[in-house]
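# quick check, what structure comes out for this input:
(one chain, ligands or ions: 3)
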Amino acid sequence: MIIAQVIVDVPAKQVNQTFDYLVPDKFHDILEIGMRVIVPFGPRKVMGFVINITNDSKFKRLRKIIDVLDLTPVLTDEMIELGKWVAEHTLSYYITAYQAMLPQVLKAAYKKEIVRLTEDELIPELEVLFAGRDVINFDEITKANIPYRLVQKAIQAGDIYINYIVQSKATKKYITMVRPILEDYQLMEALEDLPKNAKKQRVIIEHFINQSEPLSQKELIKRYSTSYSTIKQLKQKGLIETYQQEIYRHPYDDKAFTKTYPLPLTEQQKKAIQPIKQIIHKEEHKVVLLHGVTGSGKTEIYLQAIQDVLNNGKEAIVLVPEISLTPQMVKRFKGRFGESVAVFHSALSAGEKYDEWRKIYRGEVKVVVGARSAVFAPFENIGIIIIDEEHEVTYKQEDQPRYHARDVAIERGLYHQCPVILGSATPTLESYARALKGVYQLAVLDKRTNNQAMPEVKIVDMRQELHAGNRTMFSRLLKLKIEEALKRKQQIILLLNRRGFSTFVMCRDCGQVNECPHCDIALTYHKSSHRLKCHYCSYEEPMPIVCPACQSEYIRYFGTGTERVEEALTKLIPEARIIRMDVDTTRRKGAHERLLERFRNYEADILLGTQMIAKGLDFENVTLVGVLTADSMLHLPDFRSSEKTFQLLTQVSGRAGRHELPGEVIIQTYTPEHYSIQLASQYDYVQFFNIEMRLRRQFQYPPYVFISLITVSHPDHLTAINITEEIVQYLSKHLAPQTSVLGPTPSPIMRIKDRYRYQCMIKYKKERHLKEIINMAIRPFEDQMNQDELQIIIDMQPYQFM
Ligand SMILES: Nc1ncnc2c1ncn2[C@@H]1O[C@H](COP(=O)(O)OP(=O)(O)OP(=O)(O)O)[C@@H](O)[C@H]1O
Ligand SMILES: [Zn+2]
Ligand SMILES: [Zn+2]
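Ligands and ions are numbered 1, 2, ... in the order given. Predicted coordinates for the structure are as follows:
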């Protein structure tokens, strides 16, 4: 009797365990741990992962596995363990953890097909089946009763492979193609019949007379400066037709990457890379915190460390924040390691992601560069894991499973006995504290590679500007500096802090602010559509003409959205060419990159944007950086708000004067005396660390204590409060007396999408059984969560408190 232990795709507490299934004879030879199967579950059929295979079961009546989805495992042994670890550490379901580790394609509804890869003779059974075709439906194999074992062999031999086709449309890309319907001579006749003044139509017909190959509609319109309506007219005349063609995108292959070679390291770099090389050489696990100022050459250290790892025949994972995953960044890795680099980021389609994943899985690449989820890259022989900009909050997943990529990286580093490198100009307090304690090793780069001084930072007190009668959002100094830079034909980056981004509508007579009817948050005014939108639930309404409360006509928008800043800037300095970069202008795929490329090509003088412009960018011609509202983040209800402000200001300052030209930074603020602004302007990380640590100790925040956050939400206000209260009660009773259990407290945004939200915060130093106790605390509400609208979210390491 062969029994498979399966984690089934039913994310529910009661089901968060393995289930035993009997393996039918026909699957004996092929079933392996880590494969996906279809199993009966109650009245349904569900997908599941085989976590173990054994010979006995404590259950008597077992149901049978219906189908095996894979012919090679999708989860390695390490991944199976890692999934358990992730689930247990984040209090999520096992199934959710496994699914987070795999590309979308492997979890969606899909169809399988078998693709022939070789011209050589296949085994007779397959040869008959293919019958001259290159691709066949997987079902045909099942129907023809060909033993899976044989198919598996052919896969291993590289003769065929299984292709998963996602049913959802979004993963396939189509373009509209145009082709002639008629023969050349008929087209020529048609040309004669066309009126002389139908010039555009004639050009297109002439094109197809010369060339009968189909051409994309876009290209056709561009090449002959025609329009969609011209094509439509020709279609109506029955001369041409259009059709949809699927295109496969190879996101990077079409770009040529110039090969780069290791640079001779500076003295500082040599000193910093030394311990890393040693750890690689000794095949140990250690965490190294690489604290290097912006432009100090951290990336070159990564590249050379990776080279060592590759020389040892091992693999490397590099995590970078999503927003820094620009072509520029990709180029640095592809330039050095060429085709052995896979790139993983969210802008790839599901199919592209799956392709990259497969390259890793099959060992066709040795290096993966990617955002958070790349930490799960299915390498089997990892020699280094690098996390660039380790302080970025995007490394924390804000959805189940709520894991932090840093923790997963360290767990994998331990398994593979390899170094984990955390790089940053502004490390998190947690990491720096660990480095000081000797838990991590510290490596420091405090100079830029070209020995250029860090750009000088000037702080402007905006209160004084106001007193001096300047009511614009640009200080006199900033305006002057912008004009000077323009005269020198140099470029400028202007940062508008994200939280100052909202433009709300207020009545000047009665003070009424238009809020979302479903969330406790002001609606944001969007100028381009002249509408008010909620950024939490996407509710929208037209901009009112009179105040809904008092009918006054003096209703107008306030605040400093990027659109408004752009408008004001154009008024102030009409000759400046501006590129605005924010959520609105970068929504379309590739828009982000296109805008940066235009800026790089000096098609604009000023790059104006939100946070997304603060990181990783390296423009030679940028000599001035301006921060319009440095303090807008300081007053958020988040104990990390000073730290985040310091990080952002340091990062954005690092964008100026990175090359030959010296840089300058202007920070505008209403609280110039605040230590995070003062110290960022002096590039004094250590002093900032000391002050901030003192405050964290005083108010008992991480890294002095750990925090867990439980958020309860329910459409009924009282229910939300009462349930939170019960959880708080239970926890207070069962946790250590030194632990503080705070709540019920309304969340900073108390209502989102018509749900009331309450929090319970746990601050603790040592709680051995915290996870079990939290589980017990919410157990009484499990049924209600399944049946009712109750939601309880547990975050063992929260980074968002809104
Ligand atoms: N040893 C070296 N010799 C000469 N130039 C170098 C050396 N190392 C790095 N550089 C160059 O210095 C510049 C800054 O390096 P890099 O981008 O790696 O710094 P970084 O620390 O990653 O910066 P940031 O944190 O701002 O992204 C780059 O143009 C890089 O090519
Ligand atoms: Zn009013
Ligand atoms: Zn809303």
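
# helix or strand right after the helix or strand harbouring residue 206?
Using DSSP states H and E, residue 206 sits within helix 199-210. Once the chain leaves helix 199-210, the next helix or strand it forms, by DSSP H and E, is strand 215-216.

# partner strands of that next one, parallel or antiparallel?
strand 173-180 (antiparallel) (DSSP bridges).

# and the next element down the chain from the strand it pairs with?
Next element after strand 173-180 (DSSP H and E): helix 184-193.

# restricting to C-alpha, output that following helix in CSV.
Only the C-alpha atoms of helix 184-193 are listed here, as CSV (Å, rounded to 0.1, in the frame of the first residue of the first chain):
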residue,chain,number,x,y,z
ASP,A,184,-1.5,41.3,-56.1
TYR,A,185,-3.2,41.9,-59.4
GLN,A,186,-6.5,42.3,-57.7
LEU,A,187,-5.0,44.9,-55.3
MET,A,188,-3.6,46.7,-58.3
GLU,A,189,-7.0,46.9,-59.8
ALA,A,190,-8.4,48.1,-56.5
LEU,A,191,-5.7,50.8,-56.5
GLU,A,192,-7.0,52.0,-59.9
ASP,A,193,-10.5,52.3,-58.5
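
# so for that helix, what gets flagged as buried?
187, 190-191 (16 or more other C-beta atoms under 10 Å). In short, each C-beta sits where N, CA and C put it, glycine included.

# elements contacting it?
Applying 3 or more C-beta pairs under 8 Å, 6 or more residues apart in numbering; DSSP states H and E, we find helix 184-193 packed against helix 199-210.

# same for the helix it packs on, what does it pack against?
Packed next to helix 199-210, using 3+ C-beta pairs under 8 Å, 6+ apart, are helix 184-193, helix 217-223, helix 228-236.

# could you dump those to CSV with mean pLDDT and distance to residue 771?
What follows is the helices and strands packed on helix 199-210, written out as CSV (pLDDT from 0 to 100; distance: least, C-beta to C-beta, whole Å):
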stretch, mean pLDDT, distance to residue 771
helix 184-193, 86, 73
helix 217-223, 87, 54
helix 228-236, 87, 59
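
# between those, which gets nearest to ligand 2?
Closest to ligand 2 of the helices and strands packed on helix 199-210, according to C-beta to the ion: helix 228-236, at 45.8 Å.

# helices and strands of the protein: which one has the lowest mean pLDDT?
strand 160-166 (a mean of 70; mean pLDDT, DSSP states H and E).

# mean confidence score for stretch 14-30?
Here stretch 14-30 scores 90 as its mean pLDDT.

# show residues contacting that stretch.
Applying C-beta atoms under 8 Å, 6 or more residues apart in numbering, the set of residues contacting stretch 14-30 from outside is 1-8, 31, 37, 39, 41, 48, 51-53, 57, 59, 62-65, 68, 71, 87, 93-95, 147-149, 152, 782.

# to residue 460, which of the helices and strands packed on helix 199-210 lies closest?
Comparing the helices and strands packed on helix 199-210 against residue 460 with C-beta to C-beta, the closest turns out to be helix 217-223 (46.1 Å).

# centre of the chain to the closest one, how far?
33 Å (C-alpha atoms, centre = their mean, to the nearest Å).

# show me what contacts the most centrally placed residue in the chain?
Central residue of the chain (C-alpha atoms, centre = their mean): residue 322, 4.5 Å from the mean position. By C-beta under 8 Å, 6+ apart, residue 322 lies in contact with 345-346, 371-372, 394.

# by neighbours, which of these wins?
residue 372 (25 neighbours; other C-beta atoms under 10 Å).

# I'd say that one and residue 392 touch.
No - if you go by C-beta atoms under 8 Å, residue 372 and residue 392 don't touch, sitting 9.2 Å apart.

# could you export stretch 753-760 as PDB, CA atoms only?
Once non-C-alpha atoms are left out, stretch 753-760 reads as follows in PDB (Å, rounded to 0.1, in the frame of the first residue of the first chain):
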ATOM      1  CA  LYS A 753     -15.000  49.300   2.400                       C
ATOM      2  CA  ASP A 754     -17.800  49.600   5.000                       C
ATOM      3  CA  ARG A 755     -15.900  47.400   7.500                       C
ATOM      4  CA  TYR A 756     -15.100  48.600  10.900                       C
ATOM      5  CA  ARG A 757     -11.500  47.900  11.900                       C
ATOM      6  CA  TYR A 758     -10.100  47.400  15.400                       C
ATOM      7  CA  GLN A 759      -6.600  46.400  16.500                       C
ATOM      8  CA  CYS A 760      -5.000  44.600  19.300                       C
END
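
# residue 50: what's it in contact with?
4-6, 31-37.

# which SS class is it?
State at residue 50, reduced to three classes by DSSP: H, G, I helix; E, B strand; the rest coil: strand.

# show me what contacts the closest residue to it other than its chain neighbours?
Of all residues not flanking residue 50 in the chain, residue 4 sits nearest, at 4.8 Å (C-beta to C-beta, 6 or more residues apart in numbering). Residue 4 is in contact with 20-23, 31, 37, 50, 52-53, 65, counting by C-beta under 8 Å, 6+ apart.

# any idea how far residue 4 is from residue 324?
42 Å (C-beta to C-beta, to the nearest Å).

# I'd like to know which elements the longest strand belonging to the chain is packed against.
Criterion DSSP state E: the longest strand present in the chain is strand 740-752. Under the contact criterion of 3+ C-beta pairs under 8 Å, 6+ apart, strand 740-752 touches strand 706-714, helix 717-734, strand 755-764.

# and those: which comes nearest residue 569?
Here strand 755-764 is closest among the helices and strands packed on strand 740-752 (C-beta to C-beta), at 37.6 Å.

# adjacent strands (with direction) for that closest one?
Counting by DSSP bridges, strand 755-764 is paired with strand 706-714 (antiparallel), strand 740-752 (antiparallel).

# for the helix or strand just after it, packing partners?
Where DSSP H and E defines the elements, the next helix or strand beyond strand 755-764 is helix 770-778. The helices and strands touching helix 770-778, judged by 3+ C-beta pairs under 8 Å, 6+ apart, are strand 706-714, helix 717-734, strand 755-764, strand 791-795.

# ok now helix 770-778, how far from the chain's centre?
Distance, centroid of helix 770-778 to centroid of chain: 30 Å (C-alpha atoms, centre = their mean).

# what's in contact with that helix?
Against helix 770-778 from outside (C-beta under 8 Å, 6+ apart): 88, 91, 708, 710, 727, 730-731, 734-735, 762, 764, 767, 792, 794, 796.

# 6 Å instead, please
Applying C-beta atoms under 6 Å, 6 or more residues apart in numbering, the external contacts of helix 770-778 come out as 91, 727, 730-731, 734, 792.
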